[in-house]
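Engineer: compute the structure for the input listed below.
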Amino acid sequence: MLCWVLAVTSAALSFLRGKQLPVRLLKESRVTCYGNSTETRQCIFRDVIVENGVIWLYKTHPDAGIPRVLCSQVNQPSSFARECEIRIVSDARKYARLLRKASKSFLLDVGVALSRLNPSNVYHAIFEDLIPTIAMMRKVGNVSVDPTAMSNALRQRRWGVFITDNEGDSLLDGEIWRQILPEVAMVHPLGRAHRVRKLIAGTQVSCAHWGHCQPTDRPSGLFNPPDAALSFRRFVFHRFGIEEGVEETAHASTSTVGLGVPRVTLVQRSSTRRLQNLGEIVEALTAVSGASPRVVDMSNLSVREQVGLAHDTDIYVLVHGGALANLLWLPEGAMIVDIYPYGFYISHHSGIVHWIRKALEPDLGLGHHPFQVNFSEGQVLLDGPLPAGCVCRSLECQIHLFATVASITVAVDAFKNHMKDALLLWRMKRKYAAATTPAEFMKLQAQIVETRTMARDPAPLCAR
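Structural biologist: This next block holds a predicted model:
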């Protein structure tokens, strides 16, 4: 009798381990895709296993077609948009071995396959990873836009984001995701195998990551659906206990239009693009606004501190860069003054500010008054001083110049006059010029590029 029981038990264990597992008892993976090309496709994979960045499907027919889909939320035909690695397994024993590996990890209800563009940059992490991912989870997971309902949905299910880019640990994994979405598991390529009931890949939007696409009223490349940025803002405020409108109302009660003293925040970067004459800039801001600005290095603050600080800011002054992500948290009527290094043209890259401002309309009207450094003296690159009177026309030169600027010297008198204009605009709240649509921006950009190409300037190149 005992031998019979042992034999049955052994057979059952062997069955459960997949050694005798019939094909008909394995749950076949299902795939539903939308869109007609790699650039526009979004696919939903049901009952799959993800291991080492690979999506494994179980199909009884080995000749079943494998869908081509980009894992990157930056869904465009470029070197940044990586194709998902998808494999089909039709052998029951092989798939059973994968199931055994996955059994060591918890089962995920909803997952997103994500290849990141620049995970160490706050702007890229929020606008190209977090917002699109939450929008996709919201859409496929039937999650309400209400912040409370969204928080409850995150707690009631097991959510996961599968990193497929092999970039390792970064700011995205560390601070932003853990502070904003601690319920979502981050699964790296070399992590454990996971079984996923519903996995999403692709964005179903053919756009560059700066939103150069239709519809033109809002850049749906970053914000799809169009209210994704606003709903993300409300969700973060809810999560951090920030009540929208309270701080603005309290501040407005202590001032009057035309006489108000703004809350000014000045960002000093910790590495590249540092303000070399910071003291003079602080004195200029104090003289113009009537109060000393708060000087901060955002890299020293937690996500919660950055959100709270931005929401308590009327005029946000910074060198153009990743700290522009904090535009999402500014109060109604706030003004952005981003400083551009000499040789780095506003027309080439201020589109980011326009896209964020456009995405927050009409709920949130933000102003933009950029400042261009117009002389080369005192501008320093990582490899030495900037050549006097240099020019930088091509996109490659612009990118190289921007990445290698080590410190920036600002002409104090010109900056002071610029801030007087900014203060006047801020005091005339809701009088700001509307943000440029992607179509309008690209048209203007093309005109400026054509003008630069035709120019015959003998000045030396800033960088090659």
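Engineer: next, count neighbours for Asn374.
Structural biologist: For Asn374, the count of nearby residues is 10 (other Cβ atoms under 10 Å). Bear in mind the C-beta positions are built from the backbone N, C-alpha and C, glycine included.
Engineer: let's number from 41 now, not from 1
Structural biologist: From this message on, residue numbering opens at 41, which makes the last subject Asn414.
Engineer: secondary structure class for it?
Structural biologist: Following DSSP: H, G, I helix; E, B strand; the rest coil, we place Asn414 in the coil state.
Engineer: could you check how far it is from Asp267?
Structural biologist: Distance of Asn414 to Asp267, computed by Cβ to Cβ, to the nearest Å: 39 Å.
Engineer: then Val420?
Structural biologist: According to Cβ to Cβ, Val420 and Asp267 sit 43 Å apart.
Engineer: Met375 now?
Structural biologist: 24 Å.
Engineer: how about the longest strand belonging to the chain: buried residues?
Structural biologist: Criterion DSSP state E: the longest strand present in the chain is strand 82-91. Neighbour counts over strand 82-91 (16 or more other Cβ atoms under 10 Å) mark 82-85, 87-91 as buried.
Engineer: so what does that strand touch, helix or strand wise?
Structural biologist: Helices and strands touching strand 82-91, by 3 or more Cβ pairs under 8 Å, 6 or more residues apart in numbering; DSSP states H and E, are strand 70-74, strand 94-98, helix 132-142, strand 234-241.
Engineer: tell me the pLDDT of the spatially most central residue of the chain.
Structural biologist: Central residue of the chain (Cα atoms, centre = their mean): Phe167, 2.3 Å from the mean position. Phe167 is assigned a predicted lDDT (pLDDT) of 78.
Engineer: name the SS class of it, please.
Structural biologist: Look at Phe167: counting by three-state DSSP, its state is helix.
Engineer: make sure it is actually in contact with Ala365.
Structural biologist: Yes: counting by Cβ atoms under 8 Å, Phe167 does reach Ala365; the two are 6.8 Å apart.
Engineer: domain parsing for the protein?
Structural biologist: 67-277, 301-491 (automatic domain parsing).
Engineer: can you give the distance of stretch 128-145 from its chain's centre?
Structural biologist: 34 Å (Cα atoms, centre = their mean, to the nearest Å).
Engineer: cool, stretch 436-454 as well?
Structural biologist: With Cα atoms, centre = their mean as the basis, stretch 436-454 stands 24 Å off its chain's centre.
Engineer: first-to-last residue distance for that stretch?
Structural biologist: One end of stretch 436-454 to the other measures 29 Å (Cα to Cα, to the nearest Å).
Engineer: so where do the helices sit in the stretch 41-190 of the chain?
Structural biologist: 42-56, 132-142, 162-164, 171-180, 187-196 (DSSP state H, counting those that start in this stretch).
Engineer: cool, and the stretch 191-340 of the chain?
Structural biologist: With DSSP H, counting those that start in this stretch, the ranges of helices along the stretch 191-340 of the chain come out as 211, 217-220, 268-280, 286-292, 318-329.
Engineer: residues in contact with the third one?
Structural biologist: Helix 268-280 is touched from outside by 167, 170-172, 174-175, 178, 185, 187-188, 190-191, 220, 262-263, 282-284, 344, 347-348, 351, 368-369, 396, 399-400, 403-404, with contacts defined as Cβ atoms under 8 Å, 6 or more residues apart in numbering.
Engineer: touching, Cys432 and Phe384? I think so.
Structural biologist: Yes: counting by Cβ under 8 Å, Phe384 is a contact partner of Cys432 at 7.1 Å.
Engineer: now list whatever residues contact both of those two.
Structural biologist: 438, 441.
Engineer: OK, contacts around Ile166?
Structural biologist: Ile166 makes contacts with 216, 365, 368, as judged by Cβ under 8 Å, 6+ apart.
Engineer: and the first one, how far from Ile166?
Structural biologist: When Cβ to Cβ is the yardstick, Ile216 and Ile166 sit 7 Å from each other.
Engineer: who does the residue lying closest to Lys238 once chain neighbours are set aside bridge with?
Structural biologist: Leaving out its chain neighbours, the residue that sits closest to Lys238 by Cβ to Cβ, 6 or more residues apart in numbering is Val150, at 5.1 Å. Under DSSP bridges, the beta-bridge partners of Val150 are Trp199, Lys238.
Engineer: now do the same for Val150: its pLDDT.
Structural biologist: Listed pLDDT for Val150 reads 90.
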